[in-house]
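1. sequence and predicted structure are below.
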Amino acid sequence: MKTLKAIILAGGRGKRLKPVTDYVPKPLVPIKNIPIIEWQIRYLKKFGINEVIICTGYKTEMIENHLNMKDIGIKIKFSIEKSPLGTGGAIKKAGNMIKEKSFFVLNGDTITNIDLKKLEKKKNAIAAIELRTKYGILETDDDKILNFREKKEISDTWMNAGIYHLEKTVLKELPDKGDIEKTVFPKYAKKGTLNTVKFKNAKWYSVDSFKDMEECALEIEKIIK
């Protein structure tokens, strides 16, 4: 792989995980006794990433102190936001530390096994997974219920998995404050210069609630070995 740098967007307050996140920043919330951020670093290391820039804002010192005490085996830098910059502003600020032509971006609550080597093959690309529903699906024939299916992927309807492979040239178009998903991505999509790589049957969790944590804990050792 040529792309060896990654940005983790980890500045959020994790309000849905209160009261835990009143005391601990979301990246340090443990799954199977290992903080989310460590699982993410393990995942990135697996694909040969040698430097991670962590965008932080809330309880930065706790994250720094925790990682400084660990032998992570990867270079870690911090891009600290004094006030929330949004995903676009955070990427722009952190991206100034990157000299290479491209880099990966990972949302700070994403646990996955998506293959970064495949994503790297396309410029300015979003990893996509099939849309998941949290609700039970009824299989019907007219007004008769034939079957119940729990939490099923909806085939051929794709969602943003929160993992990007971006060219460094994107940085100059990003806002100082604002989200990449509302600014640059729609603009690139209109121009036909935004790509996607679709991952069918990928393991993917966005750890946004206690239920997400429980479900992810059951699978995480299979996802990130």
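-> Arrived safely. Numbering: from 1, shown residues only.
2. elements contacting the helix or strand hosting residue 63?
-> Element membership for residue 63, per DSSP states H and E: helix 60-68. Applying 3 or more CB pairs under 8 Å, 6 or more residues apart in numbering; DSSP states H and E, we find helix 60-68 packed against helix 36-46, strand 51-56, strand 75-80. Where you see a C-beta, it was placed from the backbone N, CA and C, and this is true even at glycine.
3. and the angle from the longest strand along the chain to helix 36-46?
-> What stands out as the longest strand in the chain, according to DSSP state E, is strand 153-167. Here strand 153-167 points in a direction 70 degrees away from that of helix 36-46 (axes from the mean of the first three to the mean of the last three CA atoms, to 10 degrees).
4. downstream of strand 153-167, the next helix or strand is which one?
-> Counting by DSSP H and E, the element after strand 153-167 in chain order, helix or strand, is helix 184-191.
5. quick one, longest helix in this structure?
-> Scanning the chain for the helix with the most residues, using DSSP state H, yields helix 210-223.
6. before we move on, back to that, okay, the helices and strands packed on helix 60-68, which one's buried deepest?
-> Compared across those, strand 51-56 shows the largest average neighbour count, a mean of 23 (mean count of other CB atoms under 10 Å).
7. just the mean pLDDT for that strand, thanks.
-> For strand 51-56, mean pLDDT rounds to 93.
8. and it, what does it pack onto?
-> On the basis of 3+ CB pairs under 8 Å, 6+ apart, strand 51-56 makes packing contacts with strand 5-9, helix 36-46, helix 60-68, strand 75-80, helix 86-95.
9. quick one, the last one and strand 5-9 angle?
-> Counting by the same axes, to 10 degrees, helix 86-95 points 140 degrees away from the direction of strand 5-9.
10. run the chain-centre distance for helix 86-95.
-> Shown here is helix 86-95, whose average C-alpha point lies 14 Å from the average C-alpha point of the whole chain (CA atoms, centre = their mean, to the nearest Å).
11. export the worst-scoring helix or strand of the chain on mean pLDDT as CSV, just CAs?
-> Ranked by mean pLDDT, DSSP states H and E, the helix or strand of the chain with the weakest confidence is helix 20-23, at a mean of 74. Taking only C-alpha atoms (Å, rounded to 0.1, in the frame of the first residue of the first chain), the coordinates of helix 20-23 have been written out as CSV:
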residue,chain,number,x,y,z
VAL,A,20,-20.0,7.3,30.8
THR,A,21,-18.8,10.1,28.5
ASP,A,22,-19.1,12.7,31.2
TYR,A,23,-16.0,11.1,32.7
